[in-house]
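Asks: Sharing a model prediction with you, sequence too.
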Amino acid sequence: MTERDGDTPLYPNADGDTETPAGLSRRRLLAGSAAVGAATTAGCSESGDDPQTDRPTVFVFNTGDGTVSVIDADSEEVVATRDIGATASFPSNQYAPGLTTDPADPLWLNVGRGVRALSVGTLAQRATVETGSGANWLELTPDGAHLVVSARDDAHAQFRLDADPDSDTFGEVTGRIDRADEGGTGDNDGPGPCDVTIHPDGGYAYVPDIWGDTLTVLDVEAFEIAAQIPVDPIGEGFARPWMGTAARDGETLLVEHDEGETGTESVWDVSDPADPTERVRLTADDGLGERPLTSEIGPDAETGYVFTPGSEDVTVLDLVTGEVTGRIDLGGSAFVGTWGTAHEKLYVPVRSNDEVAVIDHESGETTTRLDVGASPYGATAATVRPGDPDTSSVGAVVAQLGRQTGEIDTTYCVGECACGHEL
């Protein structure tokens, strides 16, 4: 559990209870075990059948039951719910929708104490890397060559992975920066690199440091710190920058802050990618919703959408003027969102309601609500639809058995969640 300035707990983790759910009989457990044995004997593969390409698809990860809801972005319908025995809260989604076009391409997730790649066509595991932290954030570079990872407590480290699915070293660590010696505020033993977003030129990544009150700029190719900008608080206490999103036009960066009683939002100029400068800091007095956590930026690069779960809405920003222009009521708490592959609609998992709200950028309104699995959190998109699973395969049976016993590979969540593991 992380304390904020010795005050109230900041978004505690759940206790990780994985007891067998009520109603799960010994017969079902034995049947599941027998099925695993039968599948192994039959030598079944773990691949699905006939993944579909050129099918705009949104993936929503349900942290409550280890499933992923598969949404057809054209018809705006949930077309499948797949049990993958794992879940993710902050999957790579900044450039992933445009890069994930082949069934063998990876979906990159934050799972357990590291990151994991699943083949989008089968949802089978392709790679996994442990980081030494239970809190991880990750993003692909625009060309898909690298995956940059921020590993917070207790690692306080940055990783670069080979993300080229055709590479012989796919999934291997190609760079690491240990940052614990920078120290942190209060009793924290490092700067707490929290989130990562990448400039569209691919040369620089931005890392908000929640315990360092800094914005760190990484040179992606050299994989070293290029600059580190102090982030000053607007009042007493600490600025606590923790999440960020770079716009696709290369001009603007949004940063969320766990600052003050309700949180703040800053807008940065990154037209010189190696030298970000803060333009404005927005507060509740400016109309900002409560507890800003993450953000997405519209296709025009002029509109920001900040997920503010404390007030159960999305705060809309004019990035040109640096002002709040409105709030979109969600009727529940949402922590993240993702654009569909056309970058026209924003898919927002509303965790408290087990649904996804679809926001149309052109109208600025919620146009659709979709029922999904239990406690949806993370989301990303692709142009590949997974094929139907081979339900007799070892992977499918083990995943289903894991769900019945409550044993799924968990993820780190911020907020009112039961994601099940300690940092």
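Replies: In hand now; what should we look at?

Asks: For the protein, give me the ranges with low pLDDT.
Replies: Counting by pLDDT under 70, the chain contains low-confidence ranges at 1-49, 389-406, 416-422.

Asks: Could you pull up the residues touching the residue nearest the centre of it?
Replies: In the chain, the residue lying closest to the centroid (CA atoms, centre = their mean) is residue 90, at 1.2 Å. For residue 90, the contacting residues are 110, 136, 137, 138, 195, 294, 336, 378, 411, 412, taking CB atoms under 8 Å, 6 or more residues apart in numbering as the criterion. (C-beta placed from N, C-alpha, C; glycine too.)

Asks: Kindly recompute the last result at 6 Å.
Replies: Taking CB atoms under 6 Å, 6 or more residues apart in numbering as the contact definition, residue 90 lies against 110, 137, 378.

Asks: among those, which are in strands?
Replies: Using DSSP state E, the members of those that fall in strands are 110, 137, 378.

Asks: which of these tops the neighbour count?
Replies: residue 110 (29 neighbours; other CB atoms under 10 Å).

Asks: Now it: closest residue in space that isn't a chain neighbour?
Replies: Taking CB to CB, 6 or more residues apart in numbering as the measure, residue 110 lies nearest to residue 136, with 4.3 Å between them; neighbours along the chain are not counted.

Asks: What of residue 347?
Replies: Closest residue to residue 347 in three dimensions, ignoring its sequence neighbours and counting by CB to CB, 6+ apart: residue 58, at 4.9 Å.

Asks: what pairs with that neighbour across the strands?
Replies: Residue 58 has these beta-bridge partners by DSSP bridges: residue 71, residue 381.

Asks: Compute the distance between it and residue 50, please.
Replies: To residue 50, residue 58 is 20 Å away according to CB to CB, to the nearest Å.

Asks: And the two? Which one has more around it.
Replies: Neighbours per residue (other CB under 10 Å) separate residue 58 from residue 50, with residue 58 holding more: 27 against 10.

Asks: dump the residue contacts of the more buried one.
Replies: In this structure, residue 58 makes contact with 71, 73, 340, 347, 381, judged by CB under 6 Å, 6+ apart.

Asks: which residues in the stretch 301-423 of the chain form helices?
Replies: Read by DSSP state H, counting those that start in this stretch, the stretch 301-423 of the chain holds these helices, from start to end of the chain: 394-404.

Asks: Can you show me the strands along it?
Replies: Assignment of strands within the stretch 301-423 of the chain using DSSP state E, counting those that start in this stretch yields the ranges 303-308, 313-318, 323-329, 338-339, 345-350, 355-360, 365-371, 376-385.

Asks: Serialize the ones you listed to CSV and add fields for distance to residue 280.
Replies: Below are the strands of the stretch 301-423 of the chain laid out as CSV (distance: least, CB to CB, whole Å):
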stretch, distance to residue 280
strand 303-308, 12
strand 313-318, 10
strand 323-329, 8
strand 338-339, 24
strand 345-350, 23
strand 355-360, 24
strand 365-371, 26
strand 376-385, 28
